[in-house]
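Asker: need a 3D model of the sequence below.
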Amino acid sequence: MEKKWKILKPDMREVTRICRRLKCSPVMATVLVNRNVVSSEDTIAFFDSSLQRVSSPSCVKDIEIAVDRICSAIKNREKILIFGDYDVDGVTATAILYKFFIEACADVSYYIPHRTREGYGMRSRHISDVAVPGKIGLIITVDCGISSHDAIEAANAVGIDVIVTDHHRITEDLPSALAVINPNRSDCESGLTHLAGVGVAFYLLIAVRKKLREMKHWDSYPEPNLKDLCDLVALGTVADLVPLVAENRILVKNGLEIMRQGKRVGIQALIELCKLEKKPIEPDDIAFRLAPRLNAAGRMHHAKLAVELLLTEDAGSAVRTARDLGKLNLSRQIIEKEILEDIEKLLNDCPAMLDKQTIVLSHRTWHAGLLGIVASRIAGRFYRPVVLISEKESPCKGSARGIPNLDLYQLLESCSDSLEAFGGHKMAAGLTIIPENINRFREDFEEITKKTVHSESFAPTLLIDKELMLNEVSDRLMDELESLQPFGTSNSEPLFMARDVRIYFSSMVGNNHRRMQLGQLDGKPVNGIQFNVLPEFSQLERFDRMAFRLRWNHWNGRKTAQVVVEDVVG
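Answerer: Prediction:
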């Protein structure tokens, strides 16, 4: 789909001020102003990744109630059950709580439901079949629980306390849990709505550790260093596509630092499986290499496999488990390809579907656990909200994915009469629906989208930070741009534009990727690469305009500047 290019126009007075204050290049200053990092306080907050800058957990509603109950359970050796979700956010949240409680000498276990057999969230049967037989006294949910009303009432009825930690949007009244820790509560003034589920769990641990310190608990046991858990927090945060701002930015920066030290054997085994051990791990490596393999456990088998990998301290076991996840991921890719082929056929048979502003498709054979990945691909390709539904069983399960400048959650909320249940975020959601309501939902979803979403939202736009001559690319500029990491949602990687770019040399490599030497006028050539090149662009000898990013290319222990081509006009 053709993209609109928009060159941002920052206040040049602010650019000049930042150049002077930080003694940086105008390019770097321009990027900062484009991200509204302007004042001295803004720049300190942006670049200082000290965990001391994380805001106090005391501002989170219900956290003191939760902390008192947890510390009492630890002291009295009550059985604690951590109930997690099966995606990377839930798996990492489960792992950090479990590891911390083990180090605190708590009597703790964890439970993650099977994605296809049990579905999302805690149900009443988990109380009767898991918690009661296990003599559990306290349940702590992570990355789920905000909609588990029936299960929590069942727990209350048998005297089991429940603490909910979650970050999903709240569609109804709060559940009747002892404590509900969710920054999205209307009465929570923490301002931490950007946290992932693992971030909420981490905040709880900050408060629990402090309380245990006051109780002199750590006089008997070594006090855990919470920074050592930040690699797991970074995994879950990046994988869940939450904004990489404020606390998330701090947690991810510290997590990447820990990850690069190779201390956690499970993550290291996964890194080596992905052949990433010779380069510094970055958010893209998590999003596109590590997270899919961890997610493959829950999608294709059981998420406890991913938890076991993250918790193991045995290197041999880690390697075996990582290989198992790699095999599951390959199976996932094969089935995903089959679903994509089904969708291609549906759209080819009925091209009028693409005249609409939404895509809602269903099929009797689709694997419900893979629909989110496929929906993301379709949403990106056709740039409109997508809902894919598996009709394998009733009620049917579906996954929805959105596009920027559109609140998918609100759209689904407006169509909730057609749905049995739904939950999620602005860009991603899950839903259940009975088969006879699918056509009604398809019509409602299209109608509400047409009414509430401006037509310009359906035109993909590239926001260009600055026009840049290729001879301006230098090691100093590369280092400056690298200091802006981690890049992700709400802190996008800088994007530049160059005109009249000559291609001095090119060759096709891998899967339709084009490696090139690029230059302008008589300037020094710069190495470049363009991924997934369409046939009509593979033989071009020059680009009228080129949108690109700048990244270090790590190879054989050396790093060189590389242009990564995002889009071209031939």
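
Asker: just say helix, strand or coil for the closest residue in space to Leu412 that isn't next to it in sequence.
Answerer: Once flanking residues are discounted, Leu412 sits nearest to Phe422: 4.9 Å by CB to CB, 6 or more residues apart in numbering. The C-beta positions use only the backbone N, C-alpha and C, and glycine is treated the same way. What DSSP: H, G, I helix; E, B strand; the rest coil gives for Phe422 is strand.

Asker: number of residues surrounding Phe422?
Answerer: Other residues lying near Phe422 total 22 when counted by other CB atoms under 10 Å.

Asker: what residues are bridge-paired with it?
Answerer: Leu431 (DSSP bridges).

Asker: which residues touch it?
Answerer: Neighbouring residues of Phe422 by CB atoms under 8 Å, 6 or more residues apart in numbering: 171, 400, 412-413, 416, 429-432.

Asker: do you know how far it is from Arg299?
Answerer: 19 Å (CB to CB, to the nearest Å).

Asker: follow-up on the earlier one: closest to Gln539 among the contacts of Phe422?
Answerer: Nearest to Gln539 out of these is Ala400 (CB to CB; 38.8 Å).

Asker: the closest one contacts Ala429, doesn't it?
Answerer: Yes. At 4.5 Å, Ala400 counts as touching Ala429 under the criterion of CB atoms under 8 Å.

Asker: which strands and helices sit next to the one helix or strand Ile448 maps to?
Answerer: Element membership of Ile448 [criterion: DSSP states H and E] is helix 438-452. With contacts defined as 3 or more CB pairs under 8 Å, 6 or more residues apart in numbering; DSSP states H and E, the packing partners of helix 438-452 are strand 359-363, strand 386-390, helix 408-414.

Asker: rerun that using 7 Å as the cut-off
Answerer: Applying 3 or more CB pairs under 7 Å, 6 or more residues apart in numbering; DSSP states H and E, we find helix 438-452 packed against strand 359-363, helix 408-414.

Asker: using CSV, list the CA coordinates for it.
Answerer: C-alpha atoms of helix 438-452 as CSV (Å, rounded to 0.1, in the frame of the first residue of the first chain):
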residue,chain,number,x,y,z
ILE,A,438,-20.6,-13.3,13.3
ASN,A,439,-22.4,-11.7,10.4
ARG,A,440,-24.1,-9.2,12.7
PHE,A,441,-20.8,-8.4,14.3
ARG,A,442,-19.1,-7.9,10.9
GLU,A,443,-21.8,-5.4,9.9
ASP,A,444,-21.7,-3.6,13.3
PHE,A,445,-17.9,-3.4,13.3
GLU,A,446,-17.8,-1.9,9.8
GLU,A,447,-20.6,0.6,10.6
ILE,A,448,-19.2,1.9,13.8
THR,A,449,-15.7,2.2,12.2
LYS,A,450,-17.1,4.2,9.3
LYS,A,451,-19.0,6.5,11.7
THR,A,452,-16.2,7.1,14.3
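
Asker: nearest residue to the middle of this protein?
Answerer: Note on the chain: the residue nearest the mean C-alpha position is Asp240, at 2.2 Å, using CA atoms, centre = their mean.

Asker: just give the number of residues close to Glu78.
Answerer: Glu78: 18 surrounding residues under other CB under 10 Å.

Asker: what's the spacing between it and Asn156?
Answerer: 16 Å.

Asker: how about the helices in the stretch 451-570 of the chain?
Answerer: Along the stretch 451-570 of the chain, the stretches classed as helices by DSSP state H, counting those that start in this stretch are 475-482.

Asker: go through the lowest-mean-pLDDT helix or strand in the chain and flag the buried ones.
Answerer: Using mean pLDDT, DSSP states H and E, the weakest-scoring helix or strand in the chain turns out to be strand 421-424, at a mean of 86. Across strand 421-424, burial judged by 16 or more other CB atoms under 10 Å covers 422-424.

Asker: contacts only, for Ile378.
Answerer: 343, 359, 386 (CB atoms under 7 Å, 6 or more residues apart in numbering).

Asker: tell me the mean pLDDT for the strand or helix carrying it?
Answerer: Per DSSP H and E: Ile378 is located in helix 371-382. Mean per-residue pLDDT for helix 371-382: 93.

Asker: now that helix: buried residues?
Answerer: Buried residues in helix 371-382 (16+ other CB under 10 Å): 371-376, 378-379, 382.

Asker: try stretch 245-264
Answerer: For stretch 245-264, a neighbour-count test (16+ other CB under 10 Å) marks 245-259, 264 as buried.

Asker: circling back: nearest to Leu178, of the buried residues of helix 371-382?
Answerer: Gly372 (31.6 Å).

Asker: was I right to think the closest one contacts Gly398?
Answerer: No. Counting by CB atoms under 7 Å, Gly372 does not reach Gly398; the two are 9.4 Å apart.

Asker: please name the nearest non-neighbouring residue to Val91.
Answerer: Ala306 (4.6 Å).

Asker: just checking, what packs against the helix or strand hosting the one you found?
Answerer: Applying DSSP H and E as the criterion places Ala306 in helix 304-311. Using 3+ CB pairs under 7 Å, 6+ apart, the elements in contact with helix 304-311 are helix 88-103, helix 265-273, helix 291-300, helix 315-349.

Asker: please, where are all the strands along the stretch 451-570 of the chain?
Answerer: 461-464, 466-467, 496-509, 513-519, 526-530, 542-555, 558-569 (DSSP state E, counting those that start in this stretch).

Asker: tell me which of those strands sits most buried.
Answerer: When those are scored by mean count of other CB atoms under 10 Å, the highest mean neighbour count falls to strand 526-530 (a mean of 21).

Asker: element containing Ile403?
Answerer: Remark: Ile403 resides in no helix or strand, with elements defined by DSSP H and E.

Asker: I meant to write Ala207 there.
Answerer: Using DSSP H and E, Ala207 maps to helix 197-214.

Asker: same thing with Val180?
Answerer: strand 179-181.

Asker: note down every partner strand of that strand and its orientation.
Answerer: Assessed with DSSP bridges, strand 179-181 is paired to strand 161-165 (parallel).

Asker: so how far is the helix holding Ile378 from its chain's centroid?
Answerer: 15 Å (CA atoms, centre = their mean, to the nearest Å).

Asker: same check, this time on stretch 503-512
Answerer: Using CA atoms, centre = their mean, the mean C-alpha position of stretch 503-512 is found 31 Å from that of the whole chain.

Asker: average model confidence for it?
Answerer: 86.

Asker: need the contact partners of that stretch.
Answerer: 514-519, 525, 532-533, 538, 540-542.

Asker: confidence-wise, which of those comes last?
Answerer: The lowest pLDDT within the contacts of stretch 503-512 belongs to Ser538, with 73.

Asker: phi, psi of that residue?
Answerer: phi -70, psi -20 (degrees, to the nearest 10).

Asker: same check on the one 3 residues further on?
Answerer: Backbone torsions for Glu541, taken as degrees, to the nearest 10, come to phi -100, psi -10.

Asker: tell me, how many residues neighbour it?
Answerer: Residues lying near Glu541 (other CB under 10 Å) number 9.

Asker: which residues does it contact?
Answerer: Contacts of Glu541 by CB under 7 Å, 6+ apart are Ile503.

Asker: again, but for Val501
Answerer: Contacts of Val501 (CB under 7 Å, 6+ apart): 518, 520, 542-543, 546.

Asker: quick one: secondary structure of Thr365?
Answerer: Using three-state DSSP, the structure places Thr365 in coil.

Asker: re the thing from before, and for Ala400 and Ala429, which residues touch both?
Answerer: Joint contacts of Ala400 and Ala429 (CB under 7 Å, 6+ apart) are 408, 412.

Asker: list the contacts for Trp218?
Answerer: Leu212.

Asker: how near is it to Ile74?
Answerer: Distance of Trp218 to Ile74, given as CB to CB: 12 Å.

Asker: now for Asp479, how many residues are close by?
Answerer: That count, for Asp479 with other CB under 10 Å as the rule, works out to 11.

Asker: list just the nearest of the contacts of Phe422 to Ala95.
Answerer: Nearest member of the contacts of Phe422 to Ala95, counting by CB to CB, is Gly430, at 22.0 Å.
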